[in-house]
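Student: Kindly generate the corresponding structure for this input.
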Amino acid sequence: MFKTGPNMRKVGENARQPRPDLDDVHEVIGASRWSAFRFRFERIVRRRRVGVALSALLYAATGLVGMIEGGHWPAVRHEIENLHVTVANAVGFRVVAVATEGQNALTDDEVLLALGVKDDTALPFLDVKAARERLMANPLVADATVRKLYPDRVTVHLVERKPFALWQHDGKVQILAADGTPIDEFRDSRFAHLPLVVGPSANLKAGALLEALASAPLIREQTYAAVLVAERRWNLRLRSGVEVKLPELGFAAALTRLEQVQTRDDLFGKGVTAVDLRDPKRLVVRLTPEAAETLAEAEKAAEKARKKAGGA
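Tutor: Numbers count the residues shown, from 1 in each chain. Prediction:
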């Protein structure tokens, strides 16, 4: 059994006493002059710290309200959300050049728009996979490769579908590839120089016709449209207004024959409105009324001359 004597203390008697609250105690009894001064100083600092925090909170709230009411908050929020981009650009990762290979029909703006490259684009945060997918969504692009070259460049390798002709059908005009596949709708003058084929299934048969026209450059130069009639044979419409009717079979040979006649006789400059080549043994032309009248008068004059010469 434990006993307590006059010099013995109870358990816990030496335990540390809680520190007095400095906000409530103005003077600590028994403390040294230095300790009393320190207590007063800490009390003042604590009170001022609370005041500073409240003031900072008030100023922050006032500034936030001002930005919202003044319409500046969207710009500030954008800067905060894109802080990582700003930092990356500041240390030299801003995209300054895009090098392309295989670009012919696509414009620079179409490439940059698909890449998503702007004046403030940071290379580390450029998504090359998404950029390639956007490029591939363009019907003119058969394949594309996008690479980053640190610190500030992007390279793009393109495989474009080569525009071959324009195809008019169902009230719209499309750009065709060499195999007859529609690439895109005709929307600007970049492809206005391409030959125009018209009619259902004309896209599938245009290749053979254009190959035959390549052997008759004078005819091809004057042809602005080729119309597929009954999905069987072609009629050519020339810039001079002449219509050339080709046979269903052997149209390459017929074009070669027409090329020779045009070279020798300048057929299209003699008031001709139509040339029919469907009969391989003869060439039939239709004249304008004026040209027909002139020809009739010339034939009458020739007949008179023959009769007169015979009578003499």
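Student: Break the chain into its domains for me.
Tutor: 22-57, 84-160, 165-296 (automatic domain parsing).
Student: could you dump those to JSON lines with mean pLDDT, mean neighbour count and distance to K308?
Tutor: C-beta coordinates here come from the backbone N, C-alpha and C atoms, glycine included. Below are these laid out as JSON lines (pLDDT from 0 to 100; neighbours: other Cβ atoms under 10 Å; distance: least, Cβ to Cβ, whole Å):
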{"stretch": "domain 22-57", "mean pLDDT": "56", "mean neighbour count": "11", "distance to K308": "121"}
{"stretch": "domain 84-160", "mean pLDDT": "90", "mean neighbour count": "15", "distance to K308": "66"}
{"stretch": "domain 165-296", "mean pLDDT": "91", "mean neighbour count": "16", "distance to K308": "19"}
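Student: Let me have those domains in TSV, adding distance to R306 as columns.
Tutor: Below are the domains of the chain laid out as TSV (distance: least, Cβ to Cβ, whole Å):
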stretch	distance to R306
domain 22-57	118
domain 84-160	62
domain 165-296	16
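Student: Which parts of the stretch 51-200 of the chain are strands?
Tutor: 97-101, 141-149, 153-160, 165-169, 172-176, 182-185, 196-198 (DSSP state E, counting those that start in this stretch).
Student: Past the last one, which element shows up next along the chain?
Tutor: If I follow you right, that is strand 196-198. Downstream of strand 196-198, the first helix or strand assigned by DSSP states H and E is helix 202-213.
Student: could you dump that next one to PDB, C-alpha only?
Tutor: Output of helix 202-213 as PDB, limited to C-alpha atoms (Å, rounded to 0.1, in the frame of the first residue of the first chain):
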ATOM      1  CA  ALA A 202     -20.600   9.200-115.700                       C
ATOM      2  CA  ASN A 203     -18.100   9.100-112.800                       C
ATOM      3  CA  LEU A 204     -17.500   5.400-113.500                       C
ATOM      4  CA  LYS A 205     -16.900   5.800-117.300                       C
ATOM      5  CA  ALA A 206     -15.100   9.100-117.300                       C
ATOM      6  CA  GLY A 207     -11.600   7.500-117.100                       C
ATOM      7  CA  ALA A 208     -11.800   5.800-120.500                       C
ATOM      8  CA  LEU A 209     -13.200   9.000-122.200                       C
ATOM      9  CA  LEU A 210     -10.600  11.300-120.700                       C
ATOM     10  CA  GLU A 211      -7.900   8.900-121.700                       C
ATOM     11  CA  ALA A 212      -9.200   8.900-125.300                       C
ATOM     12  CA  LEU A 213      -9.400  12.800-125.300                       C
END
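Student: How about the contacts made by V244?
Tutor: I219, N235, L236, R237, L238, L258, A274, V275, L277 (Cβ atoms under 8 Å, 6 or more residues apart in numbering).
Student: can you pull up the bridge partners for the third one?
Tutor: Meaning L236. Beta-bridge pairing of L236 under DSSP bridges involves A226, V244.
Student: measure it to P280 for me?
Tutor: From L236 across to P280, the span is 17 Å (Cβ to Cβ, to the nearest Å).
Student: do A114 as well
Tutor: Taken as Cβ to Cβ, the span from A114 to P280 is 52 Å.
Student: what does L149 give?
Tutor: If you go by Cβ to Cβ, the gap between L149 and P280 works out to 62 Å.
Student: cool, A230 as well?
Tutor: Counting by Cβ to Cβ, the gap from A230 to P280 is 20 Å.
Student: What of T100?
Tutor: In terms of Cβ to Cβ, T100 sits 50 Å off from P280.
Student: cool, and V141?
Tutor: Relative to P280, V141 is positioned 44 Å away (Cβ to Cβ).
Student: now A225
Tutor: A225 sits at a distance of 24 Å from P280 (criterion: Cβ to Cβ).
Student: what bridges to V159?
Tutor: D143.
Student: Double-check it against L140; I have them as touching.
Tutor: No - using Cβ atoms under 8 Å, V159 makes no contact with L140, being 10.2 Å away.
Student: show me what contacts I183?
Tutor: Per Cβ under 8 Å, 6+ apart, neighbours of I183: P139, L140, R161, P163, Q174, I175, L176, A177.
Student: ok, of these, which one's closest to V285?
Tutor: Closest approach to V285 among the contacts of I183 (Cβ to Cβ): L176, at 31.5 Å.
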